[in-house]
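Engineer: Please find the sequence and the predicted model below.
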Amino acid sequence: MHLRFVHGIISSFVFVCLSILYGCNTAPVPSEVTIAETQEHDLWRAGAEIYAPHEYRAYKSALRSGKDLLIKEQGRFAWFRDYEAVRKEFSDILADGNNLLSSIEEQKQIKLTAIAGRLTYFQNRLETLKRLTSLINEGRLSRRQLMSAELLLDEAQRLTEKGKYPEAEKKLRIIPVYIASAQEVISPVLSRYADKGQIAKWRKWVNETIEASKEKGICSIFVSKIDRKLVVYKNGVSYKTYSIGLGKNGFHDKLHAGDLATPEGKYYITKKLPGSRYFKALLINYPNEEDLRQFAAAKRKGLVPARAGIGGLIEIHGGGKEGMTYGCIAMENRHIDELYHMVDVGTPVTIVGAIDDNNIISSSIKDL
């Protein structure tokens, strides 16, 4: 009886000691600790290192301090652990983290709005330039740059959709370089077709040609580069209209041999060639006196290669309107056949860029 009593006392003492050492009701680790671990991952995924590097470093420093405090508290005897300070520390960390997340999302929304605006701007700009380059032969020289810009724009769009805004912005910063390069090539042509003084001069030539047709009762020919049309007038009245092709640099005014430009001015037919290399042909008197004056002035200014001549042998010929020539005016064979029999040597031929101030090129330039 005595031994049983002693054994019971010893068992009770051991139980009390173990309870003191390990605790029967150990205080749980605050839930804020687990939430903070998830929050840290959310901040990393949100791009905190990119959008708020300083704040994110401060957040991670506070998080490390909080974890150190947790480890210190867990090193105490379970019976004496008190996580209230840990809970308070991690509550503050969570509050700072939530504010940081809100700030990042706000910044990202601002970036998204800005990027979306630039995407739309560049898209419209490229569409306008593509439309302009399709109107002029020289546009082919710009299309490679425009294609590169379009590829960058597509990449920026995809990156934006994935939320990779900094990467999208890098692509967008390159696009203006290609656009500027493309525009530089065609700018000299575009400016001429938006120059009201130049267009007024062209219109004057055409009116004089039509008036001569009316007064003399003859045929005259008017070529509009921008419309790619050749119009035959009889007695001052439009009689026939044909589609044409121009030189590879046909929307420039011809300045010298080899520039692949189609001349502009008031000319006349000097010879009819029934067996031309391109079916039939009508030779015009390029260069005329005005062409010779322009060539000499350009030579003095160094605008013409030293060994370049002024060139010649400009014709209205067959061979098809779709191909680009070395400076001549090309027509379908059946059309040049009609024209060949319709006109005589001496028939006036006036070649201009445009006669309308509000032409398709000048209208499109306003959108740039």
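Structural biologist: Perfect, I can see it now. Numbering: from 1, shown residues only.

Engineer: How is the protein divided into domains?
Structural biologist: Using automatic domain parsing, the domain parsing of the chain gives 27-194, 196-355.

Engineer: So for Ser363, which of those domains sits nearest?
Structural biologist: Comparison of the domains of the chain against Ser363 by Cβ to Cβ identifies domain 27-194 as nearest, at 9.1 Å. C-beta: built from backbone N, CA, C; applies to glycine.

Engineer: for that closest one, the distance to its chain's centre please.
Structural biologist: Centroid separation for domain 27-194 versus its chain: 22 Å, with Cα atoms, centre = their mean, to the nearest Å.

Engineer: and the end-to-end length of that domain?
Structural biologist: 83 Å (Cα to Cα, to the nearest Å).

Engineer: which of the domains of the chain is buried the deepest?
Structural biologist: Among those, domain 196-355 has the highest mean neighbour count (mean count of other Cβ atoms under 10 Å), at a mean of 18.

Engineer: still on that earlier bit, quick check: which of the domains of the chain is nearest to Ser362?
Structural biologist: Closest among the domains of the chain, using Cβ to Cβ: domain 27-194, at 4.2 Å.

Engineer: Any stretches of this structure with poor pLDDT?
Structural biologist: Within the chain, the segments meeting pLDDT under 70 span 1-26, 367-368.

Engineer: Have a look at it and report its longest strand.
Structural biologist: For the chain, the strand with the greatest residue count under DSSP state E is strand 265-276.

Engineer: Sheet-wise, list the partners of whichever helix or strand comes after that strand with their directions.
Structural biologist: Downstream of strand 265-276, the next assigned helix or strand under DSSP states H and E is strand 279-284. Next to strand 279-284 in the sheet, as set by DSSP bridges, lie strand 265-276 (antiparallel), strand 315-317 (antiparallel).

Engineer: so after the longest helix seen in the chain, what's the next helix or strand?
Structural biologist: Longest helix in the chain by number of residues (criterion: DSSP state H): helix 84-135. Next along the chain after helix 84-135, taking DSSP H and E as the criterion, comes helix 143-161.

Engineer: by contact count, what packs against that next one?
Structural biologist: Applying 3 or more Cβ pairs under 8 Å, 6 or more residues apart in numbering; DSSP states H and E, one finds that helix 143-161 makes contact with helix 84-135, helix 165-193.

Engineer: and the angle from that helix to helix 165-193?
Structural biologist: Using axes from the mean of the first three to the mean of the last three Cα atoms, to 10 degrees, the inter-axis angle of helix 143-161 relative to helix 165-193 is 150 degrees.

Engineer: What distance do you get for Asp195 to Ser187?
Structural biologist: As judged by Cβ to Cβ, to the nearest Å, Asp195 and Ser187 stand 12 Å apart.

Engineer: do Arg203 as well
Structural biologist: 23 Å.

Engineer: picking up where we left off before, as JSON lines, the helices and strands packed on helix 143-161 with distance to Lys301 would be great.
Structural biologist: Converted to JSON lines, these look like this (distance: least, Cβ to Cβ, whole Å):
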{"stretch": "helix 84-135", "distance to Lys301": "28"}
{"stretch": "helix 165-193", "distance to Lys301": "15"}
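
Engineer: Gly312: what secondary structure?
Structural biologist: coil (DSSP: H, G, I helix; E, B strand; the rest coil).

Engineer: Surely it touches Asn285?
Structural biologist: No. Gly312 is beyond contact range of Asn285, at 9.2 Å (criterion: Cβ atoms under 8 Å).

Engineer: Could I get the full set of helices for the stretch 201-350 of the chain?
Structural biologist: For the stretch 201-350 of the chain, applying DSSP state H, counting those that start in this stretch gives helices covering 289-300, 333-342.

Engineer: And for the shortest one, what's in contact with it?
Structural biologist: Contacting residues not belonging to helix 333-342 are listed as 219, 221, 230, 232, 240, 242-243, 272, 274, 279-282, 316-321, 331 [Cβ atoms under 8 Å, 6 or more residues apart in numbering].

Engineer: Contacts only, for Ile360.
Structural biologist: Going by Cβ under 8 Å, 6+ apart, the list of residues near Ile360 reads 135, 226.

Engineer: Could you do Tyr193 as well?
Structural biologist: Tyr193 neighbours (Cβ under 8 Å, 6+ apart): 199, 226, 251, 353-354, 359, 361-362.

Engineer: do the same with Lys130
Structural biologist: With contact set as Cβ under 8 Å, 6+ apart, Lys130 has these partners: 143, 146.
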